[in-house]
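1. next comes the sequence, and after it the predicted model I'd like to discuss.
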Amino acid sequence: METNDRPALVAVSLLFWALRLLVLVQVLGTPLSHLERWSEGDMAYYHATALRVAGGDLLLRDPPRPWHRWMEAMGTPEEWERWVGNRQTYFMEPGYPYLLGAALALGGNRPPAWILFHQILSYLTLLMVFHLARRAGGTAAGLAAGGLFALYGPLMMYETVTLREPALVFALTAVVWGSVRGRNPFVAGLAAGWCVAAKSVAVLMIPFLVLAWASRGKGPRALAALAAGTALIPALFLARNLAMGAPPLALSTRGPVALYVGAAHPNAGVLADSSGMEERGLRFRTIVERDGYTARAALWGAVTSHPSPASFALLLVKKVYYLLHRFEAWNNVNWYFFRGLVFPMAVLPGFLAVLLLALPGVRHLSAPRPLAWTSVGILATVLAHPFLTSTLARYRQPLVPLMCVAAGLGLVRLLDAWKTGKRRTVAGWAAGVLAVGLLLSVTAPPKYRGADFGIYTSILQADPSLRPHPGLERLRRAWDHQEKRDAPR
């Protein structure tokens with residue numbers, strides 16, 4: 001790091017930790033820091049599994065297998081047991097629960113342990129974002145990219161709960177950073193291998209990672225180290241499955257149902273729309289009983305549930321649209337509930353704001369080649385979710401660090417263009433960005449209101465030692481007023 005980079009890095013670091021400390025003070029001791037107690041959420045599964053790991057059950061004998069209400073629409077508990085089969089198969093990918101288990105073993109089973117753990121991972125991500133932008137565009141670009149990442153609001157919410165997003169964002173950014181630096185292929189591969197173990201679709205990243213290192217002109221030794229690093233963590237889980245008698249390559253039992261729910265007609269996969277779930281559930285049960293609980297049968301059954309190819313094509317277009325939309329789709333946690341209770345989340349940028357700022361600089365991610373290839377790999381990994389499952393705000397978070405880098409580079413280039421008199425160029429970009437922003441904001445997304453209050457209140461009633469958040473009643477009144485205003489007349 002050059003000497004003149006230090007003030008900029010110190011500035012974005014102070015901004016990052018000031019905001020995280022502010023969030024930490026407001027959520028600790030409230031139900032917002034104990035959402036893992038909501039049994040219907042993924043947080044509960046991750047937390048329960050991590051506690052088993054922290055307690056020394058590294059092989060996870062008979063891993064937790066929760067029963068959720070959405071599963072009732074598909075089949076009875078007995079049917080699910082018959083469909084899924086082997087009790088030793090993980091319910092969801094194990095990469096994150098093992099990592100979280102290590103954090104709980106070190107810090108204890110308390111919210112500060114996982115919140116600080118996630119915040120540290122995000123801070124390491126910020127350092128990589130800063131240096132990626134600085135390498136390509138100088139200190140000003142690093143300052144802009146790092147500052148934007150520090151201000152990004154939704155990630156602060158994910159840092160407070162036991163979900164894999166902060167860890168996945170960190171690991172995928174580490175793959176990019178390691179490939180751009182080009183010093184240690186084994187470590188870059190290790191990060192990629194953990195991503196695959198935490199989210200199976202990240203396997204799409206691997207070919208682009210290989211292309212990134214091949215573009216550096218590295219010899220067979222570097223590529224062998226990359227392959228060894230990539231294979232190590234998945235190989236450990238393969239060995240565990242063999243030892244426990246589970247299918248060797250099975251990292252989750254949820255693949256087939258996720259594929260079906262994400263693609264079946266009607267109302268499939270767009271913002272986790274639950275309407276039509278009963279009809280889809282009946283068809284899913286028929287498909288599984290006839291063809292087995294397999295990804296191939298579920299996906300084919302989902303595609304053929306549409307009345308025409310045009311219906312399925314339209315669904316895919318809607319999914320990608322909402323992947324980029326201003327709406328932060330609810331899934332396990334609600335950004336609008338969180339920002340209504342925690343200051344100053346309401347004024348911090350969300351995904352669309354970062355996306356719009358990134359547009360002028362996206363083309364600058366094409367060089368160097370390792371940055372370009374790994375960026376495409378992350379994009380492929382993120383896009384695979386709306387195509388295969390549902391469009392949810394959680395799934396797009398890995399794009400944010402790269403968008404911040406692009407935003408830093410683009411803002412510096414536009415500022416240079418303005419200074420050199422190319423004001424029509426700047427005005428053209430501004431008009432284009434505004435048009436895209438309007439396009440991604442015009443539709444009214446579904447409203448997710450009410451359920452969060454029930455989750456929050458149930459946690460509060462179960463533990464009298466927790467304190468209600470001061471803004472809870474104010475938010476309830478505001479949402480009740482909005483519901484009345486939006487109600488059909």
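-> Cool, the structure landed. Residues are numbered from 1 along each chain as shown.
2. name the nearest residue to Pro344, sequence neighbours excluded.
-> Excluding its sequence neighbours, the residue lying closest to Pro344 (C-beta to C-beta, 6 or more residues apart in numbering) is Leu22, at 7.5 Å. The C-beta positions use only the backbone N, C-alpha and C, and glycine is treated the same way.
3. on contacts alone, who are the packing partners of the particular helix or strand that has the one you found in it?
-> Secondary structure assignment for Leu22, by DSSP states H and E: helix 6-27. Using 3 or more C-beta pairs under 8 Å, 6 or more residues apart in numbering; DSSP states H and E, the elements in contact with helix 6-27 are helix 111-137, helix 139-151, helix 153-159.
4. my read: the residue nearest to Pro344 touches Phe343, true?
-> Yes. With contacts counted by C-beta atoms under 8 Å, Leu22 reaches Phe343, the gap being 7.1 Å.
5. contacts for the helix holding Leu22, please.
-> Contact partners of helix 6-27, identified using C-beta atoms under 8 Å, 6 or more residues apart in numbering, comprise 1, 32-33, 111-112, 115-116, 119, 122-123, 126-127, 130, 139-140, 142-143, 146-147, 149-151, 156, 159-160, 341-345, 348, 469.
6. any idea how far that helix is from the middle of the chain?
-> Relative to its chain's centre, helix 6-27 lies at 22 Å (C-alpha atoms, centre = their mean, to the nearest Å).
7. buried set for it?
-> Under the neighbour-count criterion of 16 or more other C-beta atoms under 10 Å, helix 6-27 has Ala8, Leu9, Val12, Ser13, Leu15, Phe16, Leu19, Arg20, Val23, Leu24, Gln26, Val27 buried.
8. specify the angle between that helix and helix 139-151 in degrees.
-> Taking axes from the mean of the first three to the mean of the last three C-alpha atoms, to 10 degrees, one finds helix 6-27 and helix 139-151 inclined to each other by 0 degrees.
9. picking that back up, dump the buried residues of helix 6-27 into a markdown table; add pLDDT and distance to His68 as well.
-> Output for those, formatted as a markdown table (pLDDT from 0 to 100; distance: C-beta to C-beta, whole Å):
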| residue | pLDDT | distance to His68 |
| --- | --- | --- |
| Ala8 | 95 | 46 |
| Leu9 | 96 | 43 |
| Val12 | 97 | 40 |
| Ser13 | 98 | 40 |
| Leu15 | 98 | 38 |
| Phe16 | 98 | 35 |
| Leu19 | 98 | 33 |
| Arg20 | 98 | 31 |
| Val23 | 96 | 28 |
| Leu24 | 96 | 29 |
| Gln26 | 95 | 29 |
| Val27 | 95 | 25 |
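10. closest one of the residues you listed to Glu278?
-> Val27 (35.9 Å; C-beta to C-beta).
11. could you check how far the closest one is from Phe343?
-> According to C-beta to C-beta, to the nearest Å, Val27 stands 11 Å off from Phe343.
12. returning to what we had before: go through the helices and strands packed on helix 6-27 and name the closest to Gly245.
-> Per C-beta to C-beta, nearest to Gly245 of the helices and strands packed on helix 6-27: helix 111-137, 31.2 Å.
13. now the angle from that closest one to helix 139-151?
-> 160 degrees.
14. list the buried ones in helix 111-137?
-> Of the residues in helix 111-137, 111, 113-119, 121-123, 125-137 count as buried by neighbour count, 16+ other C-beta under 10 Å.
15. show me what that helix is packed up against.
-> Using 3+ C-beta pairs under 8 Å, 6+ apart: helix 111-137 touches helix 6-27, helix 95-107, helix 139-151, helix 153-159, helix 165-181, helix 400-419.
16. try it again at 10 Å.
-> Contacts defined by 3 or more C-beta pairs under 10 Å, 6 or more residues apart in numbering; DSSP states H and E place helix 111-137 against helix 6-27, helix 42-54, helix 95-107, helix 139-151, helix 153-159, helix 165-181, helix 369-388, helix 400-419.
17. looking at these, spot the one closest to Pro464.
-> Comparing the helices and strands packed on helix 111-137 by C-beta to C-beta, helix 6-27 comes nearest, at 18.1 Å.
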